[in-house]
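Undergrad: The sequence and its predicted three-dimensional model are supplied below.
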Amino acid sequence: MDVVIVGAGFAGMYMLHSCRQAGLSAIVYERGGGVGGTWYWNRYPGARCDVPSLEYSYQFSEDLQQEWEWTEKYATQPEILRYAEHVADRFDLKRDIRFDALVTSITYDETTNLWTTTLKDGEQTTSRFIVAAVGCLSSANRPRFTGDETFSGRIVHTGEWPHEGVDFTGKRVAVIGTGSSGIQAIPIIAEQCDHLTVFQRTASFTIPAHNAPLDPQYVRSVKSDYSTFRAKNMLTRAALGGDTPTGTSSASEVSDEELDRVLSERWAKGGLLFLGGFNDSMVNKASNDRVANWVRDKISSIVRDPQTAELLQPETVIGCKRLVVDSGYYETFNRPNVSLVDLSERPIERFTPHGIVVDGAEHPVDIVVLATGFDAMTGSLLKLGITGRNGVSLADAWNAGPVNYLGLTVHGFPNFFMITGPGSPSVLTNVLVSIQHHVEWITSTISHLDAHGHHKIEATKDAQDSWVAHVNGVASMTLFPTCNSWYLGANIPGKPRIFMPLPGFPDYVSRVSRVTENHYDGFALTP
Ligand code: NA7
């Protein structure tokens, strides 16, 4: 094969299509039983994208974007999965995708300049190039708790949700974790179960989605000039929301009335763009405090029990952990069948056969939902068992953190590419836009190598060191590194603490373009 691609989510599917268009032979290995990646696994109730559906979609085919009809402002998991299936069928992708194919190792042979990919069943394929399209949030974090093996009920993880669903009727349910997955699932589970106990270690800031059916007139206007709509989005820092420009004033300089006016407007609109009301929310602590306090007051105004309201008010910088977009989350705590247990001071002590003990008190439970997130950005890459030049594994190369060049390549791993890897904007953007950028860069790079008789591309150590310094430098100018987020790897015990994604999509795109135009500056190309 020219290219072995790992993963058949949105990145792997487009990579395959793009390879075919460039005349490259390619095969995709996918551990799941179908396409869709994160949308294949995360089938928990309430799972929904936090990027509007007209933006969270491919733009490489005008026909595709014209013919597909999204029904809601924010698409549900089943609808996004149907879209992924539609794309796979429309472009006849499945004939080159092997499902239920778990990759166990990928090894570089310097003498042949080929990679060998080995599957769990022993099958091997050699290829000139490897593309890891494994997703940023695809390796579930399943913390163990003392005594959890004695629990007589069921334990399910949001990121590995049973395909047949879970019946909560008449059950006492625990949700552990209040990130995006927990916050999306909690209101729905609360409606279905007998009693819901939410175990919260850290409160998250969440902004209402105000989800609704899409207005056909709005859809028509976007589709009448989809390319301009997409182009505007790509000029924003997060590659989304080009129609809602970031405010031009500092939150620390406006009057109380102006602050309230701007934030009320953003709250009423809903979604991730809430933070864009002012131009310095993520770089100026005083500004961030004012925005965060406004939301804390909002939480108090919604949640009736003052003690619960206080526990739900995050202490962190707003936006430091990824902002959540919800439907009726805070209101759910006004229901008589929902209670909140604070783990911030006292963690879960142990599981018993029939419940969970915190601070000496047992909370009776039939089903436990682990909404405990992912070993983000590096977890799935490291699970591939990659070994590069001189027998050095990726795990060893990354033992102090995921060093890389442009978030696309790693020194010591020639002809190996990552889509939305650490060191690129990835999870700080509308990831479908980042995916498109990476896929197209990788395909054009391979075509360039072939056209110029080069058989190998590898990032130099110097270029990689400068890139890592650049990413750290940009992150340190923001408030992102100030809390224990998965962006930093802080949610996984023992994981090196490094801010992994790079804030700022447009600047990143220009840097990659400059590198490319400058004869692949920072790469060694071997004829
Ligand atoms: P997140 O955002 O990582 O949230 C996981 C939650 O689980 C978070 O509240 C964690 O608390 C909590 N957690 C993790 N381990 C434990 C233990 N051992 N005990 C108690 N609580 C725990 O994952 P999500 O799946 O919600 O969302 C990930 C992304 O997917 C999201 O940002 C969107 O982009 C889509 P913590 O905050 O670490 O104290």
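TA: Arrived safely, thanks for sending. Just so it is clear, the model here is predicted, and its values are computed rather than measured.
Undergrad: distance of the closest residue in space to W115 that isn't next to it in sequence from V431?
TA: What sits nearest to W115 in space, not counting adjacent residues and going by C-beta to C-beta, 6 or more residues apart in numbering, is I130, at 4.9 Å. Every C-beta, even on glycine, is put in place using the N, C-alpha and C of the backbone. With the distance defined as C-beta to C-beta, to the nearest Å, I130 ends up 21 Å from V431.
Undergrad: Contact residues of the stretch 101-250 of the chain facing the ligand?
TA: Counting by C-beta under 6 Å from any ligand atom, the stretch 101-250 of the chain comes close to the ligand at 137, 143, 158, 176-182, 201-202.
Undergrad: Max pairwise distance over those residues: which two?
TA: With distances taken as C-beta to C-beta, the most widely separated pair in those is L137 and R201, at 18.4 Å.
Undergrad: out of these two, which sits in the busier spot?
TA: L137 (25 against 18; other C-beta atoms under 10 Å).
Undergrad: got the contact list for the more buried one?
TA: Contact partners of L137, counting by C-beta atoms under 8 Å, 6 or more residues apart in numbering, are 38, 159, 373-374, 376-377, 427.
Undergrad: list the contacts for the residue of the stretch 1-150 of the chain found nearest the ligand?
TA: Of all residues in the stretch 1-150 of the chain, P143 sits closest to the ligand, with a separation of 3.6 Å (C-beta to the nearest ligand atom). Each residue near P143 by C-beta under 8 Å, 6+ apart is listed here: 370, 372.
Undergrad: Give me the pLDDT for it.
TA: At P143 the predicted local confidence, pLDDT, stands at 97.
Undergrad: Filter the contacts of L137 down to the buried ones.
TA: Neighbour-count burial within these applies to 38, 159, 373-374, 376-377, 427; the criterion is 16 or more other C-beta atoms under 10 Å.
Undergrad: in the stretch 1-150 of the chain, which spans are strands?
TA: For the stretch 1-150 of the chain, the strands defined by DSSP state E, counting those that start in this stretch occupy 3-6, 26-29, 97-98, 103-109, 114-119, 124-127, 129-132.
Undergrad: Up against the ligand, what does the chain have?
TA: For the chain, the residues in contact with the ligand under the definition C-beta under 6 Å from any ligand atom are 137, 143, 158, 176-182, 201-202, 322, 343, 348, 371-374, 486, 491.
Undergrad: Minimum distance to the ligand, which residue of the stretch 301-450 of the chain gives it?
TA: Closest point on the stretch 301-450 of the chain to the ligand, by C-beta to the nearest ligand atom, is G373, at 2.5 Å.
Undergrad: hmm, back to that, can you tell me how far the residue of the stretch 1-150 of the chain closest to the ligand sits from G373?
TA: In this view, P143 and G373 are 10 Å apart by C-beta to C-beta.
Undergrad: returning to that earlier point: any idea how far the residue nearest to W115 is from K120?
TA: I130 sits 17 Å away from K120, going by C-beta to C-beta.
Undergrad: Tell me which of those two has more neighbours.
TA: I130 (26 against 12).
Undergrad: can I assume the more buried one is in contact with F417?
TA: Yes. Checked against C-beta atoms under 8 Å, the pair I130 and F417 is within contact range at 7.0 Å.
Undergrad: Where does the stretch 51-200 of the chain get nearest to the ligand, residue-wise?
TA: G179 (2.2 Å).
Undergrad: Now for that residue, how many residues are close by?
TA: Other residues near G179 number 22, with proximity taken as other C-beta under 10 Å.
Undergrad: what residues are up against the closest residue to it other than its chain neighbours?
TA: Leaving aside its sequence neighbours, G179 sits nearest to G373 (C-beta to C-beta, 6+ apart; 5.4 Å). Counting by C-beta under 8 Å, 6+ apart, G373 makes contact with 137, 140-141, 159, 177, 179, 181, 486, 491.
Undergrad: And P245, what's its pLDDT?
TA: Looking at P245, its pLDDT is 89.
Undergrad: three-state assignment of the closest residue to it other than its chain neighbours?
TA: Nearest residue to P245 in three dimensions, chain neighbours excluded: G276, at 7.6 Å (C-beta to C-beta, 6+ apart). The three-state label given to G276 by DSSP: H, G, I helix; E, B strand; the rest coil is helix.
Undergrad: how much space between G276 and L263?
TA: If you go by C-beta to C-beta, the gap between G276 and L263 works out to 11 Å.
Undergrad: now P216
TA: From P216 over to L263 the distance is 30 Å, taken as C-beta to C-beta.
Undergrad: So for these two, which residue has more residues nearby?
TA: Comparing P216 with L263 by other C-beta under 10 Å, the one with more neighbours is L263, at 20 against 9.
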